[in-house]
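Asker: Predicted model, plus sequence, below.
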Amino acid sequence: MATEALDISGLDAYYGDSHVLHAVSFALKGGRLLGLLGRNGAGKTTCMATIMVMGFLKPRRGSISLYGENVAGLAPDAIARKGICLVPQGRRMFRTLTVRENLMVAAQARKAAGSGWSIDRVFELFPRLAERAAQLAGSLSGGEQQMLAIGRALMGNPRVLLMDEPSEGLAPQLVAEVGRTIAQLKAEGQSIVLVEQNIKLTLDLADDVVIMNTGRVVFRGSANEIKLDDAIVSQHLGVF
Amino acid sequence: MTPRAAAALAPCVLALAAVPWVIGNEFYVNMASQVLIYALFALSINMMLGYGGMVSLGHAAYLGIAGYACILATTAGYDQLTAAVFAVALSTTAAAFFGVLSLRAPGLGFIMITLALGQIVWGVAYRANDLTGGDNGIRHPARPMPFGFDISDAPSFYYFTLMVFFVALFFIWRFARSPFGASLKGARDQPRRMRMLGHNVWLVRWITFVMAGFWASVAGVLYVYYNLFLSPHAISLQQSAEILLMAILGGASTLSGPIVGAAIITLVKNVVSTYVERWNTLLGVIFVVVIVFMPYGLVPGCAQAWQRLRNRMKGRKEVSPAASEPAQ
């Protein structure tokens, strides 16, 4: 029986004729947090996009298993209904909908009972969203939009939550707040893949780390390994 | 509904209910009935246009299919209720089929397919002389008598139409505020994101298409009851475009916008045209002026203007005490 919540194996993807992901493999165990690190253009977001079959990106080779069930190449709505939910890079709110409507839209997407997220529970997690429930999402601050993006993904009752650079463009105080939220979700048993450029945030939260470079996995190991060996970070991420 | 919204709605309901007493004149009461029928028609297209971003140029087809079916069933000997139910069911089924065809293409392709389908229905109505009377049209035998009430005179028909209108308005209001309505708006703004959230965007749009077809069919039956006559002119491209203009003029993203748009266009067409020979030009000028100064339509435009005025007044009030202080 598969123990991995998400198992990516030998994943190849192309932008037209350009080979952008080369045999990418990693596994996320249930209830753990996997940090996906890499420089700009390393292929982290492309990897998320390939899992969710966003736009024209489809896995050409390889498998994507969700608790043992192959979901590679399914339609994005089918993948979301299976239980993989994405917090996209840049938030991508429905700007003309209210905060409540943004959450409502995601709530009806999957009927399967997962962790049982509701609008009230999201408002408990992010009280500031409750205050802004009737406000248009386009008028929220960057931090509030990020909270809404996370809340919206949670409303799909994810079995695996993919978070693509949730700290991007946020003030340090808000980054810390997002970090606390992610830690809380992890403590509740949520399986998470966290794509980040913020190494400190990732290493503080992650159990396992995968580093990508030019579309390839160049390191796979535990977060502690990296914490104890600065050479890994400086070698693959160019940070000293 | 919030108490504030209910308080705002109550005078509108009372005003609409008082129309026959206040106006008195039969011509204008009939005009009010026409406004309600067109408002319902405009509300139906607004479900697709305002909430779903789908521009249809063939919406009059459902009015036509329902209207002809109602007349033909009644003349074939069926009772009025059966004929009306049959007409709405047939037209909604046609909308379901047309939706499957139209939604194969997005954007411009969608507009062209709806235009083509609308023209096919118009062409059939125009050519099938034996069935539809061709260009001469066909007559409906008589207005129905719902629950034994005679609605042959202008005020009683107005109240009948008003009741149907309120029922439709309630359902469309609920639709716009429901999770499904939010999904539709999401599909309008970011279809790809909606798929990421697990929605079948095509299905959301198709269901909306069918629902819009249903309410257009109801408007079609009311249209036939009002005119007791139907000809291909009522389902022409001009009719579809006019309905679209009603929704855009009033404000396609709002519930009240299509009602306001329908009232303005119907009144200009029927009332102003008796005084102004070139009423078409006047209508064009109104449309251009509104869209230039209020790109989102009259209702959102007026709401914005009102908000700006309030902010300015508030600003003046806040500034005035300081301004009145003597300079140091």
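Answerer: That came through, no problem.
Asker: Residue 62: what's it in contact with?
Answerer: No chain specified, so I'll use chain A. Listed by Cβ atoms under 8 Å, 6 or more residues apart in numbering or on different chains, the contact set of residue A:62 reads A:8, A:9, A:10, A:11, A:12, A:23, A:24, A:25, A:72. Heads up, the C-betas are built off the backbone N, CA and C, glycines and all.
Asker: try chain B instead
Answerer: B:44, B:91, B:92, B:94, B:95, B:213, B:216, B:217, B:220.
Asker: do residue A:84 as well
Answerer: A:6, A:51, A:52, A:66, A:71, A:158, A:159, A:160, A:162.
Asker: how far away is it from residue B:112?
Answerer: Separation of residue A:84 from residue B:112 (Cβ to Cβ, to the nearest Å) stands at 37 Å.
Asker: Neighbours of residue 71, how many?
Answerer: I'll assume chain A. Number of residues near residue A:71 (other Cβ atoms under 10 Å in any protein chain shown) recorded here: 20.
Asker: meant chain B, my bad for not saying
Answerer: The tally of other residues near residue B:71 (other Cβ under 10 Å) stands at 24.
Asker: Residue A:177 too?
Answerer: 18.
Asker: Just the element for it, please.
Answerer: helix A:172-187 (DSSP states H and E).
Asker: And the average pLDDT for that helix is what?
Answerer: Regarding helix A:172-187, the rounded mean pLDDT is 90.
Asker: and that helix, what does it pack onto?
Answerer: helix A:142-154, strand A:191-196, helix A:199-205 (3 or more Cβ pairs under 8 Å, 6 or more residues apart in numbering or on different chains; DSSP states H and E).
Asker: switch to 6 Å and redo it
Answerer: With contacts defined as 3 or more Cβ pairs under 6 Å, 6 or more residues apart in numbering or on different chains; DSSP states H and E, helix A:172-187 has these neighbours: helix A:199-205.
Asker: gap between the helix it packs on and the chain center?
Answerer: On the basis of Cα atoms, centre = their mean, to the nearest Å, helix A:199-205 sits 14 Å off its chain's mean C-alpha point.
Asker: buried residues in that helix?
Answerer: Neighbour-count burial for helix A:199-205, counted by 16 or more other Cβ atoms under 10 Å in any protein chain shown, picks out A:199, A:201, A:202, A:203, A:205.
Asker: and the third one, what does it touch?
Answerer: Going back to what we said before, that points to residue A:202. By Cβ atoms under 6 Å, 6 or more residues apart in numbering or on different chains, the contact set of residue A:202 is A:35, A:37, A:196.
Asker: make it 8 Å
Answerer: The contact partners of residue A:202, by Cβ under 8 Å, 6+ apart, come to A:35, A:37, A:194, A:196, A:209, A:223.
Asker: how near is it to chain B?
Answerer: 23 Å (Cβ to the nearest Cβ, to the nearest Å).
Asker: ok, now residue A:51?
Answerer: For residue A:51 relative to chain B (Cβ to the nearest Cβ), the value is 11 Å.
Asker: Name the SS class of that residue, please.
Answerer: The three-state label given to residue A:51 by DSSP: H, G, I helix; E, B strand; the rest coil is helix.
Asker: what about residue A:219, helix or strand, and which?
Answerer: Residue A:219 belongs to strand A:216-222 when assigned by DSSP H and E.
Asker: Residue numbers of chain A in contact with chain B?
Answerer: Residues of chain A lying close to chain B (Cβ under 8 Å from any Cβ of the partner chain) are A:52, A:54-55, A:75-77, A:80-81, A:85-86, A:88, A:92, A:94-97, A:101-102, A:104-110, A:152, A:156.
Asker: List only buried entries from these.
Answerer: A:52, A:54, A:76-77, A:80-81, A:85-86, A:88, A:92, A:94, A:97, A:101-102, A:104-110, A:152, A:156.
Asker: Which ones among the residues you listed lie within strands?
Answerer: Among those, the members found in strands (DSSP state E) are A:85, A:86.
Asker: Neighbours of residue B:2, how many?
Answerer: So residue B:2, with other Cβ under 10 Å, has 7 neighbours.
Asker: ok, now which ones touch residue B:114?
Answerer: Counted by Cβ under 8 Å, 6+ apart, residue B:114 has contacts B:55, B:56, B:57, B:58, B:59, B:98, B:102.
Asker: before we move on, which element is it in?
Answerer: Under the assignment here (DSSP H and E), residue B:114 is part of helix B:107-127.
Asker: By proximity to chain A, which residue of the stretch 101-250 of chain B wins?
Answerer: residue B:198 (3.2 Å; Cβ to the nearest Cβ).
Asker: so when I look at that residue, I'm seeing a helix, right?
Answerer: No - going by three-state DSSP, the assignment for residue B:198 is coil, not a helix.
Asker: Show me the shaky parts of chain B.
Answerer: Filtered on pLDDT under 70, chain B yields the residue ranges B:1, B:317-328.
Asker: now chain A
Answerer: Counting by pLDDT under 70, chain A contains low-confidence ranges at A:1-2, A:54-56, A:108-115, A:238-240.
Asker: ok, now with 50
Answerer: For chain A, residues meeting the criterion pLDDT under 50 lie at A:1, A:109, A:112-113, A:240.
Asker: how about the helices in it?
Answerer: A:44-52, A:76-82, A:99-107, A:119-125, A:127-131, A:142-154, A:172-187, A:199-205, A:223-228, A:230-237 (DSSP state H).
Asker: if we can go back for a sec, now the helix or strand following the helix holding residue B:114: buried residues?
Answerer: Later in the chain than helix B:107-127, the nearest helix or strand by DSSP H and E is helix B:129-132. Buried residues in helix B:129-132, defined by neighbour count with 16+ other Cβ under 10 Å: residue B:132.
Asker: And helix B:129-132, what does it pack against?
Answerer: Judged by 3+ Cβ pairs under 8 Å, 6+ apart, helix B:129-132 is in contact with helix B:60-75, helix B:107-127.
Asker: Tell me which of the ones you listed sits most buried.
Answerer: helix B:60-75 (a mean of 26; mean count of other Cβ atoms under 10 Å in any protein chain shown).
Asker: Can you check what angle separates it from helix B:107-127?
Answerer: 30 degrees (axes from the mean of the first three to the mean of the last three Cα atoms, to 10 degrees).
Asker: Show the subsequent helix or strand relative to helix B:60-75.
Answerer: helix B:80-102.
Asker: which residues sit against that following helix?
Answerer: Contacts for helix B:80-102 (Cβ under 8 Å, 6+ apart): B:56, B:58, B:61-62, B:65-67, B:69-70, B:73-74, B:78, B:110, B:113-114, B:117, B:144-145, B:205-206, B:209-210, B:212-214, B:216-218, B:220-221.
Asker: Same question for stretch B:169-188.
Answerer: By Cβ under 8 Å, 6+ apart, the residues outside stretch B:169-188 that reach it are A:94, A:96-97, A:101-102, A:104-105, A:107-108, B:43-44, B:47, B:51-53, B:193-194, B:197, B:199, B:201, B:204-205, B:207-208, B:211, B:215, B:255.
Asker: about what we covered before: go through the helices of chain A and name the closest to residue B:125.
Answerer: Taking Cβ to Cβ, helix A:76-82 is the member of the helices of chain A nearest to residue B:125, at 39.0 Å.
Asker: How far does that closest one sit from its chain's centre?
Answerer: 15 Å.
Asker: Next, work out how far apart the residue of the stretch 101-250 of chain B closest to chain A and residue A:119 are.
Answerer: 17 Å.
Asker: Which one's more surrounded, the two?
Answerer: residue B:198 (24 against 18).
Asker: Run a quick check on that one versus residue A:75, I expect a contact.
Answerer: No - Residue B:198 is beyond contact range of residue A:75, at 10.0 Å (criterion: Cβ atoms under 8 Å).
Asker: picking that back up, could you identify the pair within the contacts of residue B:114 that is furthest apart?
Answerer: The span of these, defined through Cβ to Cβ, is set by B:55 and B:98 at 14.4 Å.
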